[in-house]
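Chemist: I would like to see how this sequence folds:
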Amino acid sequence: MDDKAKGRAKEAYGALTGDEAKKEEGQAQQRKAAAEEKATQEAKTKRAKEEARQAEKERNRQKARDKGLLGDVTDTLTGRDRGPGS
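Modeler: Numbering: from 1, shown residues only. Take a look at the predicted model:
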């Protein structure tokens, strides 16, 4: 049973028995579980963003390698490609 469900059970028990302390304890446990879930989700989002940044960097590196040393340089007089192998 997860903390959120335990908190709901404690809150319900406290409400049924009139035990305000148990009810508040259950509510606090639910808030704690929600905060932990939020922190976990934020960490996953941060990790995914970093992985996306790394993938973009690698794509850019690969594009630069594919273009060669001179990139897309052309001879302005003849219009011919002046890149590697020309």
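
Chemist: where are the low-confidence patches of this protein?
Modeler: Low-confidence segments of the chain, defined by pLDDT under 70: 68-86.

Chemist: Can you classify the residue most central in space within the chain by secondary structure?
Modeler: Nearest to the mean C-alpha position of the chain, by Cα atoms, centre = their mean, lies Thr45 at 1.4 Å. Assigned with DSSP: H, G, I helix; E, B strand; the rest coil, Thr45 falls in the helix class.

Chemist: distance of it from Asp66?
Modeler: The span separating Thr45 from Asp66 equals 31 Å under the rule Cβ to Cβ, to the nearest Å. (Glycine included, C-beta is placed from N, CA and C.)

Chemist: And for Asn60?
Modeler: Spatial separation of Asn60 from Asp66 under the definition Cβ to Cβ is 11 Å.

Chemist: Then Gln54?
Modeler: Using Cβ to Cβ, one gets 19 Å for the distance from Gln54 to Asp66.

Chemist: Break down the chain into its helices, ranges please.
Modeler: Counting by DSSP state H, the chain has helices at residues 3-17, 20-67.

Chemist: Off-centre distance for the longest one?
Modeler: It refers to helix 20-67. Per Cα atoms, centre = their mean, to the nearest Å, the displacement of helix 20-67 from the mean C-alpha position of its chain is 4 Å.

Chemist: And the first one, by the same measure?
Modeler: The chain centre lies 32 Å from the centre of helix 3-17; the measure is Cα atoms, centre = their mean.

Chemist: residues making contact with that helix?
Modeler: Residues from elsewhere that reach helix 3-17 (Cβ atoms under 8 Å, 6 or more residues apart in numbering): 1, 19-34, 36-37.
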